[in-house]
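In: Sequence plus predicted model, see below.
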Amino acid sequence: MSTAVIIVAAGRGSRAGGDLPKQWQSLAGKSVLEHTVAQFGAMQIVLVIHPEDRVRAAALFPELTLVHGGETRAQSVLNALAALEGSQVDRVLIHDGARPFVSQAVITRVIAALDHHPAAAPALVVSDALWRGEAGLVQGTQDRAGLYRAQTPQGFRFPEILAAHRAHPGGALDDVEVARAAGLDVAIVEGDEENMKLTYPGDFAKGEALLKGRKMDLRVGNGYDVHAFCEGDHLWLCGVKIPHSKGLLGHSDADVGMHALTDAIYGALAEGDIGRHFPPSDPQWKGAASHIFLAHAIALAREKGYQLANCDVTLVCEYPKIGPHALNMAAELARIMGVETSRVSVKATTSERLGFTGREEGIASIATCALVKA
Ligand SMILES: Nc1ccn([C@@H]2O[C@H](COP(=O)(O)OP(=O)(O)OP(=O)(O)O)[C@@H](O)[C@H]2O)c(=O)n1
Ligand SMILES: C[C@](O)(CO)[C@H](O)COP(=O)(O)O
C-alpha cells in the first residue's frame, strides 16, 4: 500500500490575523507549517500553497511536491488529488497545515482504519453542554448525543476520494462531507485534544504553552545478535544481499544487523525481543525476510506514539567488507522504517582476528536506537 499525505496550506488565515498567513507564522522558533510537515516523517507529502507563498515554500521544503491551492479548501484538496492521479498512491491522508500538533498515534489510527474502511477520520466526542444563542442570550439547548468534533488527517482510499471530490458541487466543510456525499462509509477513530487547529489569534499562545509543557519522553534500546556462517554464496545484511563465499545460518534469512536493530526497538519499548513476537518454533517464520520483523517493531513504536530519533548498527566481522555497502544498508533500513536516511547509521569493525568473529565463524551485530514520543 502506498500512502501520500496532502497538507492544505493555501488559506489566508483571516480569522487568525497577524502579518503573515497563520501557517507561516512562528511557533516556538519554527513556522507552523514546519511543525506540521515534521509530524509526517518520511511519508510522501504534497503541500498545497497559495501562489504568493511559492518562494517561501520552495526554500523551506525543497523535497516536497508543491501544488497551488484554490479559492476554497475543497478546491485546494482537489488540485492536490489531481496532481497525484496516475501515481502509485492508493491511500491518501488529507491534513490541515494549521494543525501542527497532530501525533503519530492519531496518524497511525487513521491509516490502520483504512485497512477495513474506505475512509476514516479522527474526532472527539462533544462533552460540553451545547446551547443555541442569539444577541448574547441563550435561546435553547442542543442534544449533544452522537455529536463529534472533527479533526484531520482524514484518510481515504485514493480513487474513491478523487471521484468524490470531482462529483461534489462544492461548499463542503471537510473531506469527510465530500466522501459521505459520494456514499462512502467513514470510520471514526479517536482524535486528540492536542490536535487543535490554529484558527484565532489566542490559539498561538495555547500552542506555545502546549509545546512548552510537552515533556520529552525519550526511550533508548539496544540489541545484540550473532549468526554463524554456513555453506552458501551470499548473505543478507541490513536488508542488502551481498555475494560472499559463505552464507549465514538461521531460522529466518539470518540478517544479523536487522535483527539487532529490531531487538533494539523492541527493547526501547520494553516489548521483549524478536523471539517473543515471531517465535522460532513457529514454522511460518522459517526463511522469513527480516524486514517483516523490523516493520513490525517500528509499527508497534508508532502505535504507542513513538518515532525513531536515530539508530546506529555496528556489524562485527572480518569479511565481507561492509564499507562499500554501508550507505545502501542505511538507506534500506530507513526505507523499511519510513524515516529519513540521515537518522540511520550502519558501520562495521573487525575484532582484530580475536574470538569467533576473528576466526570467521560468524558475524555479530550491536544496535542502539532512540525513540521519542511524537
Ligand atoms: N482556499 C483554501 C482555504 C483553506 N486552506 C487550508 O485549509 C486549512 C483549514 O482551513 P482554515 O483553518 O479555515 O484556514 P484559512 O482558510 O486559512 O482560515 P480563515 O478561514 O480564518 O481565513 C488551513 O490549513 C488552510 O491553509 C487551503 O488550503 N485553501
Ligand atoms: C477540516 C476541518 O479542520 C475539520 O475540523 C475544518 O472543517 C476546516 O476548517 P474551518 O475552520 O471549518 O474552515
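Out: Perfect, thanks for sending it. Ligands and ions are numbered 1, 2, ... in the order given.
In: Quick check: the residue in the stretch 1-150 of the chain that ligand 2 sits nearest to vs Arg99, distance?
Out: When scored by Cβ to the nearest ligand atom, the stretch 1-150 of the chain has Ala150 as its residue closest to ligand 2, at 4.1 Å. (C-beta placed from N, C-alpha, C; glycine too.) According to Cβ to Cβ, to the nearest Å, Ala150 and Arg99 sit 11 Å apart.
In: The residue of the stretch 1-150 of the chain closest to ligand 2: what's its closest spatial neighbour, skipping adjacent residues?
Out: Nearest non-adjacent residue to Ala150, counting by Cβ to Cβ, 6 or more residues apart in numbering: Ala123, 5.2 Å away.
In: same deal with Arg359?
Out: Per Cβ to Cβ, 6+ apart, closest to Arg359 is Arg353, 7.6 Å.
In: before we move on, what SS does the one you found have?
Out: What DSSP: H, G, I helix; E, B strand; the rest coil gives for Arg353 is coil.
In: show me the contacts for the residue of the stretch 1-150 of the chain closest to ligand 2.
Out: Ala150 sits next to Ala121, Ala123, Leu173, Asp174, Val176 when contact means Cβ atoms under 8 Å, 6 or more residues apart in numbering.
In: Ramachandran angles for Ile6?
Out: Dihedral angles of Ile6 (phi, psi; degrees, to the nearest 10) stand at phi -100, psi 120.
In: tally of neighbours for it?
Out: 30 (other Cβ atoms under 10 Å).
In: On the strand side of things, show who it bridges to.
Out: Val46, Ile94 (DSSP bridges).
In: Now for it: which residues touch it?
Out: For Ile6, the contacting residues are Ile45, Val46, Val48, Val77, Ala80, Leu81, Leu84, Val92, Leu93, Ile94, His95, by Cβ under 8 Å, 6+ apart.
In: rewinding a little: go back to the contacts of Ala150 and keep what's next to ligand 2.
Out: For ligand 2, the contacts drawn from the contacts of Ala150 by Cβ under 6 Å from any ligand atom are Leu173, Asp174.
In: Helix or strand for the residue nearest to Ala150, just tell me which one.
Out: According to DSSP states H and E, Ala123 maps onto strand 119-125.
In: strand partners of that strand, parallel vs antiparallel please.
Out: Strand 119-125 has its sheet partners listed here by DSSP bridges as strand 148-150 (antiparallel), strand 154-157 (antiparallel), strand 186-190 (parallel).
In: If anything else comes up later, I'll come back, but that's it for now.
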